[in-house]
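Visitor: pasted the sequence and its predicted model underneath.
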Amino acid sequence: MNAVLIGELVTLRYKLLWAKTRSRNGRIAIFLAGYLLLVMLIALLASGGVGAAIYAVRSGHGEKIAQAVLTAIFFEAVLASNILGFGMNAIFSDLELRRYPLTAPERRLTRHLIGIVDPFWFLFLGLQLGLAFGLYGAGVGSFGFGLIAVLLLFVSNYLLARFIALVIDRLMQRKGGSAILLGGVMLLAFLPSVLAPLLKKNPALLHTIVERMAFTPPFAAAAAMMHPGATGIWGLAVLVWWSLGLVAALVWIENRPPQRRLAESVKVEWDGPTDHIAAWFGPDLAPFVAHWLRFYLRNSRTRMLSLIGLPLLAFLTFQTGQRLGPHGLFVAALGTFAMSSFLGISRIAVNYFGYSGGAFRRYFLLPVPPAATVRAASYAALIIGGALLPLALLLWIVLSPYPLDARMLLMLACSGLTGLFGFNAMGIWVTLYNPRKGKYSSSFGNDLSLGGNILVIGGVLLAMLLPRLLYAAYPAVVSPEGWWMVIPLPLLAAAFYFGTLKAAGPVFMARRERLLAVVEGRD
């Protein structure tokens, strides 16, 4: 094995990151500040793991708490990496690595080493190490067994996340794959609410499930941390078998060529559904709106996020709303509805031209003002996001435990419209001032710019926290009795949106060369 060259390629990943950081003034400071914050966050998470270990020892249920903590970290890492895309970017493709004297297994190892050393994964490694060292410091764990268990758990965690990502990617390329994915997401979203009353009525079932989970990586790692003898060796063996099995599964699925969802057609249709919808905007804008509608709808990431977005937000609503009292679900829904009309389209809505490549130049050759392209791209995002809002309201009517209340529906609709106009307006500014070159066909990986990540992730966090803060400080604002207070919000958001559209035209022309450099990979 050419270990030296593999190590140099892994090092090159960070050299490229540093070179990109130096390409603009001020990025070095942001880069250093970001990594300092990352180190502080890893230290904080590690201390949290130590705190969990201390609590486990004091409570007398060390192994059970270790099992629960490791299981939560394990599945949160899998979900976060697949939903947010962190830690899943392919820095070097297999074709690019063929330029180096590496065999096929060495190329595969290089790609996965580059993926696993992403700073995102170190956050979860910090938590797991903190728990292991905390148990050792409290005198109930083994340092050697705990360290080996954490490293094996870390590897299996990454391998499982990568395997699930590839399975979803293959599903999205097959006919009917979207429906299968939606069914799986719905099952995961509503499984906790179904299992909770069932386990409450049948305590023996919970005991059986816990016994079966002894063969999962988190439980095996907990056993290795707490029992340095034969039980610990058995736990390490389970982790090794999981890692080997996941490696075999990854090799198998990577060697299977992806199949196209549908056969390509050379026939050009000028009278399809997108053209009928785009005709609402008049003959000048209709062709551009139709183009951008197809640009959104043909993107696998947009389709996937649109499919899983509503079930995911429903799950977040249920999880956060249970702790807020009798109207907790409604309060939580006021926040998540604001994201329901934006999450599915967010990838392109904050980076219109980052996926167009060399085609970006053509927008300036058409016999219309170039700013019309920005308006058309934004209108297409509004159409798709707006179509998801009635579906979200229908799900609320069907699944909500509250009696049908028109005031609640009005407030939820106002929240959704506020998010639709507000987030799309901010997405225009991110597109113009902080674009990033991306790969249109990529189904996974976080290819958003810094501004895009702040808007999308910050928007989700704000949507979850703001209603809770208002409920604690001014409960009347988020209660059905105060329905009239939310009516101005979508009006203000719409005014902000249309004002942004008007102001974006001159900015788009002024930043044309800058956008062109980013889109074509020259910056």
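Guide: Sure, I can see it.

Visitor: may I ask which helix or strand of the protein has the lowest mean pLDDT?
Guide: helix 27-59 (a mean of 50; mean pLDDT, DSSP states H and E).

Visitor: roughly how far is the helix or strand that that helix is followed by from the heart of the chain?
Guide: As assigned by DSSP states H and E, the chain's next helix or strand after helix 27-59 is helix 62-84. Centre-to-centre, helix 62-84 and its host chain are 16 Å apart (C-alpha atoms, centre = their mean, to the nearest Å).

Visitor: would you mind extracting the C-alpha trace of stretch 413-433 into PDB?
Guide: Extracted C-alpha coordinates of stretch 413-433, given in PDB (Å, rounded to 0.1, in the frame of the first residue of the first chain):
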ATOM      1  CA  ALA A 413     -50.500  30.100   6.700                       C
ATOM      2  CA  CYS A 414     -49.200  33.500   7.600                       C
ATOM      3  CA  SER A 415     -46.100  31.900   9.100                       C
ATOM      4  CA  GLY A 416     -45.500  29.900   5.900                       C
ATOM      5  CA  LEU A 417     -46.000  32.900   3.700                       C
ATOM      6  CA  THR A 418     -43.600  35.000   5.900                       C
ATOM      7  CA  GLY A 419     -40.900  32.300   5.500                       C
ATOM      8  CA  LEU A 420     -41.600  31.900   1.800                       C
ATOM      9  CA  PHE A 421     -41.100  35.600   1.000                       C
ATOM     10  CA  GLY A 422     -38.500  36.400   3.700                       C
ATOM     11  CA  PHE A 423     -36.100  33.500   3.100                       C
ATOM     12  CA  ASN A 424     -36.300  33.800  -0.700                       C
ATOM     13  CA  ALA A 425     -35.500  37.500  -0.400                       C
ATOM     14  CA  MET A 426     -32.500  36.800   1.700                       C
ATOM     15  CA  GLY A 427     -31.600  34.000  -0.700                       C
ATOM     16  CA  ILE A 428     -31.300  36.500  -3.500                       C
ATOM     17  CA  TRP A 429     -28.700  38.500  -1.600                       C
ATOM     18  CA  VAL A 430     -26.700  35.400  -0.700                       C
ATOM     19  CA  THR A 431     -26.800  34.400  -4.400                       C
ATOM     20  CA  LEU A 432     -25.300  37.800  -5.400                       C
ATOM     21  CA  TYR A 433     -22.800  38.400  -2.600                       C
END
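
Visitor: let me see the domain layout of this protein.
Guide: 3-10+30-255, 273-519 (automatic domain parsing).

Visitor: can you give me the mean pLDDT across the last one?
Guide: Averaged over domain 273-519, pLDDT sits at 86.

Visitor: same for the helix or strand where I308 lies, what does it pack against?
Guide: Assigned by DSSP H and E, I308 falls within helix 300-321. Packing contacts for helix 300-321, counted by 3 or more C-beta pairs under 8 Å, 6 or more residues apart in numbering; DSSP states H and E, involve helix 143-172, helix 177-201, helix 328-340, helix 346-349, helix 371-399, helix 450-473. Yep, even glycine has a C-beta here, placed from its N, CA and C like the rest.

Visitor: would you mind getting the angle between that helix and helix 450-473?
Guide: Relative orientation of helix 300-321 versus helix 450-473 (axes from the mean of the first three to the mean of the last three C-alpha atoms, to 10 degrees): 20 degrees.

Visitor: tell me which residues of helix 300-321 are tucked away?
Guide: 300-318, 320-321 (16 or more other C-beta atoms under 10 Å).

Visitor: okay, it in PDB with CA atoms only?
Guide: Output for helix 300-321, consisting of C-alpha atoms alone and laid out as PDB, is shown next (Å, rounded to 0.1, in the frame of the first residue of the first chain):
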ATOM      1  CA  SER A 300     -32.300  15.200  -7.300                       C
ATOM      2  CA  ARG A 301     -31.300  17.200  -4.200                       C
ATOM      3  CA  THR A 302     -34.300  19.500  -4.600                       C
ATOM      4  CA  ARG A 303     -36.700  16.500  -5.100                       C
ATOM      5  CA  MET A 304     -35.200  14.700  -2.100                       C
ATOM      6  CA  LEU A 305     -35.400  17.700   0.300                       C
ATOM      7  CA  SER A 306     -38.900  18.500  -0.900                       C
ATOM      8  CA  LEU A 307     -39.900  14.900  -0.100                       C
ATOM      9  CA  ILE A 308     -38.300  14.600   3.300                       C
ATOM     10  CA  GLY A 309     -38.700  18.200   4.300                       C
ATOM     11  CA  LEU A 310     -42.300  18.100   5.500                       C
ATOM     12  CA  PRO A 311     -41.900  14.700   7.400                       C
ATOM     13  CA  LEU A 312     -38.700  16.100   9.000                       C
ATOM     14  CA  LEU A 313     -40.400  19.300  10.100                       C
ATOM     15  CA  ALA A 314     -43.400  17.300  11.300                       C
ATOM     16  CA  PHE A 315     -41.000  15.300  13.500                       C
ATOM     17  CA  LEU A 316     -39.300  18.400  14.800                       C
ATOM     18  CA  THR A 317     -42.700  19.900  15.600                       C
ATOM     19  CA  PHE A 318     -43.700  16.800  17.500                       C
ATOM     20  CA  GLN A 319     -40.500  16.500  19.400                       C
ATOM     21  CA  THR A 320     -40.200  20.200  20.400                       C
ATOM     22  CA  GLY A 321     -43.900  20.800  21.000                       C
END
